[in-house]
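Peer 1: have a look; sequence and predicted model below, questions after that.
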Amino acid sequence: MTVPYRQPSLRLVEVAVRRRLRILSFAGVVAVAAGTAAAVALPSNAAGTLTATYSRVQEWPGSFFQGQYVIANGTSSAVTSWTLAFTLPAGDTLQNWWGANVTQSGTLFTATPLSGSSIPAGGSATMGFLSTEGGGLADPANCKLNGGPCTGGPAPSPSASHSPSPSRSPSPSPSPSPTPTPSGSPPPPGTWHPGYLALGTVYTPFSSVDAYFQTMKTHGKIPNYGYQYLIGSDFANWGSTASKLTTSSRNLGMIPVLIEYGMNGNIDGPDASFNNMQSSSWLTSYFQALRTAAQAAAQASAGGPVGWVVEPDMLGYIQQGHGAQFGNDATKVPAATAAAHSSGVLGSADPTFANTLKGLVEAINYTIKKYDPSAFLGWQVNEWAVRNPLHDTDSMGITAGRQSVTNIGNQVAGFLNSADIRFKADFVAFDQWGQDYGYLRDPNPATDIRYLNATHWANYLLYVKTIRQSVNLPAVLWQIAVGHLNSTQTPSPTYWNSSGRFPDLDDLTNGRYEDSASTFFFGDKFTSSGNNLAFYSSNPGGDPKVSVSGSTVTWGAHMSDAAAAGVVAILFGAGTGTGDEGVPEVPGITSTGTTDFNYWTTRAQQYLANPVPLPG
């Protein structure tokens, strides 16, 4: 069957907003996660008062906007109680908020401080939110702080304390987790992956999230790794985010992994990183934030390993958009790498790196290892850096199609080798898409490059193997979609679903979209029909783990195939604000449970009870 090719970069534009919707939420909560409020200088007209200043952080016209209020304490004492009220146009709906408890009455929204939080004298706290634009582009109106104007309302008595309502707010609200009591031994120093194919998950350390992980522990093992983003619009909080993630992950018994996503400034697109890396002032801020995060991780880890997935999409965008211009040679791509030294992050005793993309890659790796000596790191690679070859076997046949996958992989690897991503690196990371593809609701999956059957996943592992062998590093799969295929015949533990079965994902509700990732890696038996049956039962490569009997399709587990390709860990998690959540996230669709009826948790724990040994 001939499959129309869809240019990956066009689909990436569609996904860019959704990816940012997820990761911008992480920025809003890091100060809360750290349990502190950052001190800032107050404008002179705020002296002696409590003020709330609104700003629109960013927007996606016709869809969402992110806003925030900065509550500044110009008094001489800490403030532990305040009430902020504002209205939004009818039709606007808050999707997420952070830094405060929020209640709604019609178009009126009321925010109060999180329990136990305070604003120090001369400091500030931020209450942020993400809203739909159902009511238009208007910003919040009718701002009141403690019943008075937000430009200088009366501050409450410093001795006043906030008593949170015992009832839950209508939607999940972030709440910082207390310092947890260590449970289980943290990973030993000097090791970063076990002798079996390990698992990881997105992890946002909050009380409700940690409670879920503690519940998981009563049923089996929890994942080996927990990861969280460091994003480029939030340099000031990189240290607190790194410290909190490292401490909380280790207390749960997971290895922390930081997703360093700073170069693009949290603006997803083909030229953001390319332009920023040529700015000395941008790189000065970037390297200083990187040093702070690495120092914080090193201090919190007490010599234990901390993972770093470096700059997702950056090299893919540069090769796709600018590779031909520079002969696919990173030594010819300009970068203001000297900022690593002029910023004071590196000194005279450190190496000097070239003002090229290659030099920048080396300087970033060197900086992480200099300030976090127990770090393990790897750059992230995209399958669309040249073009997406995973469906080539559909139109070319298995032999020619898989040769095409290898050829594209080698082309990408050539660029990566010219960038010297192996310098002081421990692995190379690969994502897939980051969105459970049921979101697309395509009635014929064979015509959509985003849908993958078992043959396409085998092509993906071939692509991974080709590149990781060329750069001579083990592979880590990261941000692999959580979703699974419907009508699973895998029984559910009754402690998750009393019916003993997993309900179907409706492909309509955020967080409940099908995907074949979990089905492929963990293995499953499911029923299907029509175009879906034809697509998922297709097996032109003769995979012995794929079979069909009538309307029932069986995919065996492919963890051993991943291990044979050189993969040492698979980290699952949503890459967009609408993706399935295999564990709760804050902010997220749910802060207390999962959106996939605990399918991923069940399958992950079943796997970890008898994991696949790594070869050799």
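Peer 2: That came through, no problem.
Peer 1: could you check how far the residue nearest to Arg450 when sequence neighbours are not counted is from Leu452?
Peer 2: Distances taken as CB to CB, 6 or more residues apart in numbering place Tyr437 nearest to Arg450, at 4.6 Å, with adjacent residues excluded. Where C-beta positions appear, they are placed from N, C-alpha and C, glycine not excepted. Tyr437 sits 8 Å away from Leu452, going by CB to CB, to the nearest Å.
Peer 1: what touches both of the two?
Peer 2: Taking CB atoms under 8 Å, 6 or more residues apart in numbering as the contact rule, Tyr437 and Leu452 both touch Ser516.
Peer 1: so for those two, which sits in the more crowded spot?
Peer 2: Counted by other CB atoms under 10 Å, Tyr437 and Leu452 do not tie: Leu452 has more neighbours, with 26 against 23.
Peer 1: which residues does that one contact?
Peer 2: Contacts of Leu452 (CB under 8 Å, 6+ apart): 390, 432, 437, 460, 516-517, 520.
Peer 1: just among these, which is most surrounded?
Peer 2: Neighbour counts for the contacts of Leu452 peak at Phe520, which has 29 neighbours (criterion: other CB under 10 Å).
Peer 1: residues contacting it?
Peer 2: Residues in contact with Phe520 (CB under 8 Å, 6+ apart) are 452, 454, 457, 555, 558.
Peer 1: next one: Phe572
Peer 2: 199-202, 479-482, 517-518, 582, 600, 604.
Peer 1: now for those: which two are most distant?
Peer 2: Maximum pairwise distance among the contacts of Phe572 (CB to CB): 15.2 Å, between Gln479 and Ala604.
Peer 1: can you tell me what sits against whichever strand or helix holds Lys525?
Peer 2: Lys525 belongs to strand 524-527 when elements are defined using DSSP states H and E. Residues outside strand 524-527 that contact it (CB under 8 Å, 6+ apart): 484-490, 518-519, 536, 551-555.
Peer 1: what do you get if the cut-off is 7 Å, keeping everything else the same?
Peer 2: By CB atoms under 7 Å, 6 or more residues apart in numbering, the surrounding residues in contact with strand 524-527 are 484-490, 551-555.
Peer 1: swap in stretch 477-484?
Peer 2: So stretch 477-484 is contacted by 309, 380, 429-436, 438, 505, 513-515, 517-519, 524, 567, 570-575, 579-582, 596, 599-600 (CB under 7 Å, 6+ apart).
Peer 1: can you check stretch 532-547 too?
Peer 2: The contact list for stretch 532-547 (CB under 7 Å, 6+ apart) reads 393, 398, 445-446, 451, 453-455, 458, 485, 528, 548, 551, 553-556, 558.
Peer 1: am I right that Gln605 falls within a helix?
Peer 2: Yes - under DSSP: H, G, I helix; E, B strand; the rest coil, Gln605 sits within a helix.
Peer 1: for this protein, give me the ranges with low pLDDT.
Peer 2: Scanning the chain for pLDDT under 70 picks out 1-47, 58-64, 95-96, 115-116, 133-137, 153-190.
Peer 1: show me how it divides into domains.
Peer 2: Following automatic domain parsing, the chain resolves into domains at 16-149, 232-426.
Peer 1: mind putting those domains into CSV with distance to Val209?
Peer 2: Shown next, in CSV, are those (distance: least, CB to CB, whole Å):
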stretch, distance to Val209
domain 16-149, 10
domain 232-426, 9
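Peer 1: please name the bridge partners of Ala111.
Peer 2: Residues in a beta bridge with Ala111, per DSSP bridges, are Leu84, Val102.
Peer 1: got a list of what Val567 touches?
Peer 2: By CB under 7 Å, 6+ apart, the contact list for Val567 reads 197, 464, 475, 477.
Peer 1: those into JSON lines, with extra columns for neighbour count and secondary structure?
Peer 2: As requested, the contacts of Val567 are exported to JSON lines (neighbours: other CB atoms under 10 Å; DSSP: H, G, I helix; E, B strand; the rest coil):
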{"residue": "Leu197", "neighbour count": "24", "secondary structure": "coil"}
{"residue": "Val464", "neighbour count": "23", "secondary structure": "helix"}
{"residue": "Ala475", "neighbour count": "25", "secondary structure": "strand"}
{"residue": "Leu477", "neighbour count": "24", "secondary structure": "strand"}
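Peer 1: can you list the residues that contact stretch 393-413?
Peer 2: Residues contacting stretch 393-413 (CB under 7 Å, 6+ apart): 1-3, 319, 381, 385-387, 389, 392, 455, 459, 462-463, 466-467, 470-471, 540-541.
Peer 1: which of the residues you listed fall within strands?
Peer 2: Those of the contacts of stretch 393-413 mapping onto strands are Val381, per DSSP state E.
Peer 1: which of the contacts of stretch 393-413 count as buried?
Peer 2: Among those, those classed as buried by 16 or more other CB atoms under 10 Å are 319, 381, 385-387, 389, 392, 455, 459, 462-463, 466-467, 470-471, 541.
Peer 1: closest one of those residues to Lys370?
Peer 2: Closest approach to Lys370 among those (CB to CB): Val471, at 22.0 Å.
Peer 1: my guess is the closest one meets Ala425, correct?
Peer 2: No - using CB atoms under 7 Å, Val471 makes no contact with Ala425, being 8.2 Å away.
Peer 1: which stretches of the stretch 101-250 of the chain form helices?
Peer 2: 207-217, 238-252 (DSSP state H, counting those that start in this stretch).
Peer 1: quick one, which of these is packed in tightest?
Peer 2: The highest mean neighbour count among the helices of the stretch 101-250 of the chain, using mean count of other CB atoms under 10 Å, belongs to helix 238-252: a mean of 25.
Peer 1: which other helices and strands contact that one?
Peer 2: Here helix 238-252 touches helix 8-34, helix 207-217, strand 225-231, strand 255-261, helix 280-301, going by 3 or more CB pairs under 7 Å, 6 or more residues apart in numbering; DSSP states H and E.
Peer 1: ok, the next helix or strand after the last one: who's next to it in the sheet?
Peer 2: The reference is to helix 280-301. Following helix 280-301 in sequence order, the next helix or strand is strand 306-310 (DSSP H and E). According to DSSP bridges, strand 306-310 forms sheet pairs with strand 255-261 (parallel), strand 375-381 (parallel).
Peer 1: what sits up against the last one?
Peer 2: In other words, strand 375-381. With contacts defined as CB under 7 Å, 6+ apart, strand 375-381 is touched by 192, 294, 305-312, 315-316, 361, 365, 368-369, 412, 416, 421, 425-431, 467, 473, 476, 478.
Peer 1: ok now it, how far from the chain's centre?
Peer 2: Mean C-alpha position of strand 375-381 versus that of the full chain (CA atoms, centre = their mean, to the nearest Å) differs by 15 Å.
Peer 1: likewise stretch 258-274?
Peer 2: On CA atoms, centre = their mean, the centre of stretch 258-274 falls 13 Å from that of its chain.
Peer 1: now do the buried residues in it.
Peer 2: Here stretch 258-274 shows 258-266, 268-270, 272-274 as buried, counting by 16+ other CB under 10 Å.
Peer 1: also stretch 481-492?
Peer 2: Residues 481-488, 490, 492 are the ones in stretch 481-492 that count as buried (16+ other CB under 10 Å).
Peer 1: which stretches of the stretch 401-550 of the chain form strands?
Peer 2: Here the stretch 401-550 of the chain has its strands, by DSSP state E, counting those that start in this stretch, at 428-430, 475-480, 524-527, 546-549.
Peer 1: sheet partners, orientation included, of the last one?
Peer 2: Using DSSP bridges, the strands paired with strand 546-549 in its sheet are strand 552-555 (antiparallel).
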